[in-house]
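Asker: Dropping the sequence and predicted coords here.
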Amino acid sequence: MQQDGVFRSVCSLDCPDQCGLLLHKRDGKIVKVEGDPEHPVTRGHICNKVRNMTERIYDEKRLHYPLKRVGAKGEGKFERVSWDEAIRTITTRWKDLIESDGPESILPYSFYGNMGRLTAEGMDRRFFNQLGASQLDRTICSSAGSVGYSYTMGSSLGVDPEDTIESKLIIFWGINAASTNMHQVALAQKARKQNGAKIIVIDVHKNQTGRLADWFIPILPGTDSALALGVMHILFAEAMVDFDFLQTYTVGHEELREHVSQYDPDTVSTITGVPAEDIYKLARLYGTTSPAFIRIGNGPQHHDNGGMFVRTVSCLPALTGQWQIKGGGAIKGNSAYLAFNTNGLQRPDLLKKKTTRTINMNQIGDALLTLDPPIQSLYVYGSNPAVVAPSSQKVREGLRREDLFLVVHDLFLTETAMYADLVLPATSSFENTDFYTSYWHHYIQLQQPVMEPYGESKSNVEVFQLLAKGMGLDEPALEETEAEMIATALDYPRNPGLKGINYDALVKHSYMKATVKPMFPGRLATPSGKIELYSERMHEAGHPPLPTYVPLINDGDHPFQFVPGPNHNFLNSTFSTNLKHVTLEKEPRVHINQKDALPLGIGDGDQVRVWNDRGECVLKATVGESVLPGVVVTQGLWADRDGAKQLVNQLTPDRIADMGGGATFFSGRVSLERIRKN
Ligand SMILES: Nc1nc2c(c(=O)[nH]1)N[C@H]1C(S)=C(S)[C@@H](COP(=O)(O)OP(=O)(O)OC[C@H]3O[C@@H](n4cnc5c(=O)[nH]c(N)nc54)[C@H](O)[C@@H]3O)O[C@H]1N2
Ligand SMILES: Nc1nc2c(c(=O)[nH]1)N[C@H]1C(S)=C(S)[C@@H](COP(=O)(O)OP(=O)(O)OC[C@H]3O[C@@H](n4cnc5c(=O)[nH]c(N)nc54)[C@H](O)[C@@H]3O)O[C@H]1N2
Ligand code: SF4
Ligand SMILES: [Mo]
């Protein structure tokens, strides 16, 4: 491996921007990470998190070798063991379990801690399929919204973000893009500069993104469907719809027109907290500005009614015909443009038609505590459930179970790893070969190793191969190299957009754009082939077939709606223990409206206990106008540390959203009390 030079790389964080990176190496060490100036979307700009990535890659707290537990669960006492011993311990235990309780007593738990396809959904899936382990439904992030979107649009297809530079109206709807999709903000800023585009932000919190808007519209949590329906009401009433488009490309516009008559601006204002005149203003701006683009965020779909939110908002561009205008339309997600041969990569056929039970990851706490027959062994990789999963009291109680054999594969001794019987050290993406497909832009990218594995760490692919050998699994798919797996995954004639993109071409170019043809004219993946404003499939699934406002579920008798989202300098819980990133982020805050703070005697900077029936946190108050009365917001998945109670998922519900088994992180309620004055 070369010791010096500049090397192309990809950002491996779960972020839509999926930047192209340049890694600068000196004397074998990465000394600088910068955005690739030639990458058409990155254009040389990356976020602070990744500019400081070397602080994480070379953090002295990184795991160097496998560890086995020698103290009580959660105590954090470990001893070094060899890889041989670690693999032998795991496979001996698993063989015994399979013999006594069957393979479903073993459950993998993972998410996209590394977005590399081989790492996150490659060799692991092959291995657990071959084993016949219990399956995990990976629903924690965007599944409610994805299902909601596909009811309307058929699949995960929006517009090319690079086209949004042409937009004249950009609506960030429930997305904190300044922190979570910075290149969409850069495109919007350019559109503002060159076309005089207006930027609207609709959010429950006037955060970094709200502050850069031309118009910020505060809304009550979980009520966005009502706002969208109110906009539709006005679009129809004031003849701002594109009748030709509706006739040609949609199903159910007559029914929808009739249906939205109930969502008059006064009614919608009462539900949403948005003044009626603002609903008129929003509808008229949207109905008369072209191109108009909506970036649909993940925030509102982390509610009980999150699927219906995305289903509803994604009907708007159809009403105005904006899907046909370059720079118009919407993006919820774009993964279908880069669809690859998932079956070839994951090999569900290795299950050999065995039906195994499936566990929704949003209810991992309950699953560990109540399932019968019980989960006897949990293998965690690429995720940190002790911090990121809802209702963490239950999750931790489950992880602490004396009889649970817990293995954690990670780069760090995470809060989850503290409960493990065995901890395995993972390589970072810079040490791996893998391919990456963005869920926002249209580029596929290749990562090749830029540094040697750190200490004794191994990639997910390597570890599953070792486990397969240890289990005596005799299956050629478990022996393939990374290059072979990439070649299989990209061999996918069903997606003509991938034509010409293969392993060798990626080695040459590092990143390649899928060929994309416009959505219209064309047939969508809905049953009718059209945009389904009326959806028979929803009716069959027990949902209202037309977009509808469904209120949040009653979460108990606490006065405040609690919205704990991600923050600017972490990536979920990643970076939450890296000194540089923690220093940049300072501390977790709870944002309260001054009208609510006053009667509770809460002043700016006071320590506040935030609690409900599930748990409690102690956070510092920021009092002001950035949230509406009745709403409190905090940012960042901080871990409890040195006695600080800041684990927000103590407070979040583990109810399942209306669609896709999605999470409901933002539909909880809490009470507040001051415990210490500033
Ligand atoms: N810096 C940074 N970037 C990230 C992440 C990170 O942790 N940090 N995480 C990554 C991941 S995994 C994901 S899924 C994405 C998520 O990124 P986003 O799509 O931005 O989603 P969130 O930040 O969860 O929520 C977006 C916004 O929704 C608001 N919100 C909450 N409830 C409602 C509501 O009912 N209505 C409206 N209108 N707004 C509401 C929140 O206040 C927040 O500003 O970001 C990715 N990028
Ligand atoms: N309260 C609240 N909770 C939330 C959210 C919220 O908005 N609010 N957001 C939710 C969302 S959208 C998401 S996506 C989830 C994300 O939750 P997670 O998927 O758990 O994300 P991270 O916290 O970043 O943890 C990823 C872990 O993977 C490890 N890792 C990275 N690369 C590799 C690798 O190659 N191999 C292995 N074995 N490990 C690796 C990292 O070191 C890190 O510990 O959190 C959810 N939790
Ligand atoms: S986290 Fe997002 S913005 Fe930052 S470098 Fe990675 S892909 Fe780019
Ligand atoms: Mo996510």
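Answerer: Yep, it's here. Numbers count the residues shown, from 1 in each chain. Ligands and ions are numbered 1, 2, ... in the order given.
Asker: and this structure, which of its residues are near ligand 3?
Answerer: Contacts of the chain with ligand 3, taken as Cβ under 6 Å from any ligand atom, map to 11, 13, 15, 17-19, 46-47, 49-50, 182. For every residue, glycine as well, the C-beta is placed using N, CA and C.
Asker: Show me where the stretch 201-350 of the chain has its strands.
Answerer: 215-218, 250-251, 292-296, 329-331 (DSSP state E, counting those that start in this stretch).
Asker: In JSON lines: those strands, plus mean neighbour count and distance to ligand 2.
Answerer: Formatted as JSON lines, those follow (neighbours: other Cβ atoms under 10 Å; distance: least, Cβ to the nearest ligand atom, whole Å):
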{"stretch": "strand 215-218", "mean neighbour count": "19", "distance to ligand 2": "19"}
{"stretch": "strand 250-251", "mean neighbour count": "21", "distance to ligand 2": "31"}
{"stretch": "strand 292-296", "mean neighbour count": "28", "distance to ligand 2": "14"}
{"stretch": "strand 329-331", "mean neighbour count": "27", "distance to ligand 2": "17"}
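Asker: Mind checking which of the residues of the chain next to ligand 3 land in helices?
Answerer: Using DSSP state H, the subset of the residues of the chain next to ligand 3 located in helices is 49-50, 182.
Asker: Give me the buried positions along stretch 322-334.
Answerer: By neighbour count on 16 or more other Cβ atoms under 10 Å, the buried set for stretch 322-334 is 322-325, 327-334.
Asker: Sorry, wrong one. I was asking about stretch 538-558.
Answerer: Buried residues in stretch 538-558 (16+ other Cβ under 10 Å): 538, 543, 545-550, 552-553, 555, 558.
Asker: hmm, that stretch touching ligand 1?
Answerer: No. With Cβ under 6 Å from any ligand atom as the measure, stretch 538-558 is seen stopping short of ligand 1, the closest distance being 8.9 Å.
Asker: That stretch: how far from the chain's middle?
Answerer: 22 Å (Cα atoms, centre = their mean, to the nearest Å).
Asker: contacting residues for the residue in the stretch 51-200 of the chain that ligand 3 sits nearest to?
Answerer: Here the residue of the stretch 51-200 of the chain nearest ligand 3 is Met182; by Cβ to the nearest ligand atom that distance is 5.1 Å. Met182 is in contact with 17, 45, 47, counting by Cβ atoms under 8 Å, 6 or more residues apart in numbering.
Asker: cool, Phe666 as well?
Answerer: Neighbours of Phe666 in contact, by Cβ under 8 Å, 6+ apart: 221-222, 299-300, 302-303, 561-565.
Asker: and of these, the nearest to ligand 1?
Answerer: The closest of the contacts of Phe666, once distances to ligand 1 are taken by Cβ to the nearest ligand atom, is Gly299, at 1.9 Å.
Asker: Contacts only, for the closest one.
Answerer: 174-176, 203-204, 563, 565, 666.
Asker: Report the entries of these that also contact ligand 2.
Answerer: Filtering the contacts of Gly299 for neighbours of ligand 2 using Cβ under 6 Å from any ligand atom leaves Gly565.
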